[in-house]
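1. I need the structure of the sequence given here:
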Amino acid sequence: DTRWSMISLVIMESWQQFGSAMLIYLAAVLSIPRDWYEAAEIDGAGVWNRIRYITLPSIRNLIVLMLILQLIATSQGLQSQLAMLDGGPNNATLTYALLIVKYATTRLDYGVAAALGVLMFLALGGLAVVQYRFQRREGN
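-> Numbering: from 1, shown residues only. Next comes the predicted model:
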């Protein structure tokens, strides 16, 4: 079914990336000094205020970094897409990376595949530059 095929890929890719991302987030949360939470609790801050004013600002840079890394990993997640649906049904799950591989292997049009690969490199490089500038600005 074309309506559910992309949703099934998203669920599968999310579940595949969940473990490593959760370990990184858990390490970041555990690195926040416990004293900050105790001081906020003494001041009368509730759970949601501690999350909003202590946890999220402390791991904000990591959240941005993980967003960029997850976007890059998702754009390169070709094997599972190829094994699961191969772009079908009716090209409903044809992603950009899968399109590049199809141009190179099925159609044997290496020039178009190389051009699409360069465009993908430029887009992902642009995301990396945006993330770097954001982190540099936040550090100042």
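2. residue nearest the centroid of the chain?
-> Most central in the chain under CA atoms, centre = their mean is Q70, positioned 1.7 Å from the mean C-alpha point.
3. OK, contacts around that one?
-> Taking CB atoms under 8 Å, 6 or more residues apart in numbering, we find Q70 in contact with Q17, A21. Placement of C-beta: from N, CA and C, glycine included.
4. Can you point out the buried residues in the one helix or strand it maps to?
-> If you go by DSSP states H and E, Q70 is part of helix 60-75. Residues of helix 60-75 classed as buried: L62, L65, M66, I68, L69, I72, T74 (neighbour count, 16 or more other CB atoms under 10 Å).
5. Stretch 36-46 too?
-> Buried residues in stretch 36-46, counted by 16+ other CB under 10 Å: Y37, A45.
6. now the lowest-mean-pLDDT helix or strand in the chain, how far from the centre of its chain.
-> The helix or strand with the lowest mean pLDDT-type score in the chain, counting by mean pLDDT, DSSP states H and E, is helix 78-84 (a mean of 77). Taking the mean of its C-alpha atoms, helix 78-84 sits 17 Å from the chain's own mean (CA atoms, centre = their mean, to the nearest Å).
7. Low-confidence bits of the chain, can you list those?
-> Residue ranges of the chain with pLDDT under 70: 138-140.
8. what are the ranges of the helices in it?
-> Along the chain, the stretches classed as helices by DSSP state H are 2-30, 34-42, 47-50, 56-58, 60-75, 78-84, 96-105, 110-139.
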